[in-house]
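[1] sequence first, predicted coordinates after that:
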Amino acid sequence: MGFCTQSVANVLNGKIPSMKKLKILVFEYITGGGLNKSELPESLAREGLLMLQSLLDELSKLAYVEVGTMLDFRMVDKLPIQTDNTHLIEANKDYYQELIRLMTFYDAVWPIAPESEGILQTLCETVEQSGKILLTSPSSSVAIAGNKWLTYQCLRENSVATIPTQRLVDFGYTSGEWIIKPFDGVGCEDSFLVTDKQGFDIQTAVLNKDKYLIQPHIQGEKTSLSCLFKDGQAWLLCANLQHFELINKQYRLTGITVNFISDTSRFESLVKDVAKAMPELWGYVGIDLIETDAEVR
């Protein structure tokens, strides 16, 4: 997936003050040193590198922007195009302290990070407290979007179609197939399929029910929308088809077909509804859907 230069320019417009050149520090957590003291999983590094390179490619086309990047020392030969200033994060450095130090030399910071464990929210709060321009959604919005239960409540209150959801601690088992998910986390991470009362009891016995929710297991095409958001507006970049395998009662993502259809008109109203429901969202946002014959949600 690539960012559209005009779309990036659209979301930057109004976010930044008028000046000769805006100095932006880009920090992609996986490739930027967030894991510099541990093993760097190849799949995560590959995905992070794609996002980083895509953003850098488009920012480089904007004449009023000067870009710097934090880069894990193990990624130095893997980034095809270096930025104006590439800051290597060695194994002996604390990436967070380096981020705080480097921010002083820049006007704005563009963090890209997992929502799990509050990582992205913490980074956004750090930038906000520094007084630098935050080039992503505010921490208050990330706190909602990074929590499945709060997101569900927000969408439901704004009449956006979504899967019926209950907190696990409030749930009384009834027959059927159910998906148990943590409030926090991305994709299918730590999610479990239960198909009977015995499986439900076994699985929930080892979970902190206060931190999980439960939804009916709905069969359908699993679609992911790549969007850009700004001030209650949204631009749909492309629709992607996600491929999963069910292994030991857990879904595992095996691949993504990017831009799998050319006509994305059926998603436009949903994207606009999400933008209205969460008007503080800014920048890149992914929306995961399940499409059935009856509806999209």
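    Good, I have the coordinates.

[2] tell me where the stretch 151-297 of the chain has helices.
    Listed in chain order, the helices of the stretch 151-297 of the chain (DSSP state H, counting those that start in this stretch) span 197-204, 265-277.

[3] what does the shortest one contact?
    When contacts are taken as CB atoms under 8 Å, 6 or more residues apart in numbering, the neighbours of helix 197-204 outside the stretch itself are 168, 173, 175, 178, 180, 192, 194, 212, 249. Where C-beta positions appear, they are placed from N, C-alpha and C, glycine not excepted.

[4] kindly recompute the last result at 10 Å.
    For helix 197-204, the surrounding residues in contact (CB atoms under 10 Å, 6 or more residues apart in numbering) are 168-169, 171, 173-175, 177-178, 180, 192-194, 196, 212, 214, 249.

[5] thinking again about what came up before, now that we have the helices of the stretch 151-297 of the chain, can you turn them into CSV and tack on mean neighbour count, mean pLDDT and distance to L150?
    What follows is the helices of the stretch 151-297 of the chain, written out as CSV (neighbours: other CB atoms under 10 Å; pLDDT from 0 to 100; distance: least, CB to CB, whole Å):
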stretch, mean neighbour count, mean pLDDT, distance to L150
helix 197-204, 14, 95, 22
helix 265-277, 15, 96, 12
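
[6] so after the lengthiest helix in the chain, what's the next helix or strand?
    What stands out as the longest helix in the chain, according to DSSP state H, is helix 42-59. Toward the C-terminus, helix 42-59 is succeeded by strand 65-72 as the next helix or strand (DSSP states H and E).

[7] residue ranges with poor pLDDT in the stretch 51-200 of the chain?
    The stretch 51-200 of the chain contains residues with pLDDT under 70 at 81-84, 186-189.

[8] so what's the residue count around the spatially closest residue to S191 that is not a sequence neighbour?
    Leaving aside its chain neighbours, S191 sits nearest to K181 (4.5 Å; criterion: CB to CB, 6 or more residues apart in numbering). Neighbours of K181 under the rule other CB atoms under 10 Å: 20.

[9] likewise the one 10 residues further on?
    If you count neighbours by other CB under 10 Å, S191 ends up with 18.

[10] wait, N36 touches Q97, no?
    No - assessed by CB atoms under 10 Å, N36 is found out of contact with Q97, at 11.7 Å.

[11] those two: which has the busier surroundings?
    Between N36 and Q97, counted using other CB under 10 Å, the more crowded position is N36 (22 against 9).

[12] residues touching the more buried one, list them.
    Applying CB under 10 Å, 6+ apart, the residues near N36 are 70-75, 88-95, 98.

[13] out of those residues, grab the one that's most surrounded.
    Highest neighbour count within the contacts of N36, by other CB under 10 Å: M70, with 28 neighbours.

[14] so what sits opposite it in the bridge?
    In this structure, M70 bridges to H87 when assessed by DSSP bridges.

[15] wait, it touches F105, no?
    No - M70 is not in contact with F105 according to CB under 10 Å; the separation is 11.9 Å.

[16] hey, what's in contact with both of these two?
    Taking CB under 10 Å, 6+ apart as the contact rule, the neighbours common to M70 and F105 are 25, 85, 87.

[17] for those, which one is nearest L236?
    Nearest to L236 among the shared contacts of M70 and F105 is L25, at 28.1 Å by CB to CB.

[18] list the contacts for that closest one?
    32, 67-70, 83, 85, 87, 99, 102-111, 127, 132, 135.

[19] quick check: pLDDT value at V8.
    Looking at V8, its pLDDT is 59.

[20] pLDDT score assigned to the residue lying closest to N240 once chain neighbours are set aside?
    Leaving aside its sequence neighbours, N240 sits nearest to S224 (CB to CB, 6+ apart; 4.5 Å). Predicted confidence (pLDDT) for S224: 93.

[21] and what of M19?
    55.

[22] and what of L44?
    Confidence score, pLDDT, at L44: 85.

[23] before we move on, back to that, L281: which of the contacts of helix 197-204 is nearest?
    Y212 (24.9 Å).

[24] tally of neighbours for the closest residue to that closest one other than its chain neighbours?
    In space, and not counting its chain neighbours, Y212 is closest to L168: 4.1 Å by CB to CB, 6+ apart. Using other CB under 10 Å, L168 has 22 neighbouring residues.

[25] kindly report the same for K78.
    As a measure of burial, K78 has 14 neighbours, counting by other CB under 10 Å.

[26] I30 is in contact with that one, correct?
    No - using CB under 10 Å, K78 is not in contact with I30; the gap is 11.7 Å.

[27] hey, what's in contact with both of those two?
    The contact sets of K78 and I30 overlap at 45-46, 49, 52, 72 (CB under 10 Å, 6+ apart).
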